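A.B. asks: Quick one, fold the following:
(one chain, ligands or ions: 1)
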Amino acid sequence: MAETIVIPIKGMTCSHCVGAIQKALGKVAGVESVTVSLKEKSVTLIVTNNDETTRANAEAAIEDAGYEVRK
Ligand code: 9UX
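C.D. replies: Next up, the predicted model:
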């Protein structure tokens, strides 16, 4: 069942960041859709399974793209 994950992101301040994060997360397995909010400084993912692996992969993709996940 599709589920929603919201990940707060640090250091995302312009629309280029939004594009970069969207692209990075679009490649993560199990991610069905990516919505980045510049205003909320967070990303909302629709995922096939809200499991540890999917979340870890998504966080790794954000960090690889050069952003920090706010824990
Ligand atoms: Mo904009 Mo984002 O100049 O890392 S691309 S702040």
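
A.B. asks: next structured bit after the helix or strand hosting residue 59?
C.D. replies: Per DSSP states H and E, residue 59 falls inside helix 52-64. Following helix 52-64 in sequence order, the next helix or strand is strand 68-69 (DSSP H and E).

A.B. asks: who's in contact with that next one?
C.D. replies: 7-11, 59, 62-63 (Cβ atoms under 8 Å, 6 or more residues apart in numbering). Glycine gets a C-beta too; all of them are placed from N, C-alpha and C.

A.B. asks: repeat that with 7 Å
C.D. replies: Strand 68-69 is touched from outside by 7, 9-11, 59, 62-63, with contacts defined as Cβ atoms under 7 Å, 6 or more residues apart in numbering.

A.B. asks: Next to the ligand in this structure, residues from this structure, please.
C.D. replies: Neighbours of the ligand within the chain, by Cβ under 6 Å from any ligand atom: 13-14, 16-17.

A.B. asks: Counting neighbours, which of these comes out on top?
C.D. replies: residue 17 (18 neighbours; other Cβ atoms under 10 Å).

A.B. asks: So what's the predicted local confidence for the closest residue to that residue other than its chain neighbours?
C.D. replies: Nearest-residue entry for residue 17: residue 67, 7.0 Å, with adjacent residues in sequence omitted and distances by Cβ to Cβ, 6 or more residues apart in numbering. With respect to pLDDT, residue 67 has a value of 96.

A.B. asks: Could you number the chain from 872 rather than 1 from now on?
C.D. replies: With the count now opening at 872, the last piece we talked about shows up as residue 938.

A.B. asks: Next, residue 938: phi, psi?
C.D. replies: phi -120, psi 160 (degrees, to the nearest 10).

A.B. asks: show me the contacts for residue 904.
C.D. replies: Residue 904 neighbours (Cβ under 7 Å, 6+ apart): residue 917.

A.B. asks: Could you verify that it is part of a strand?
C.D. replies: Yes - note on residue 904: a strand contains this position according to DSSP: H, G, I helix; E, B strand; the rest coil.
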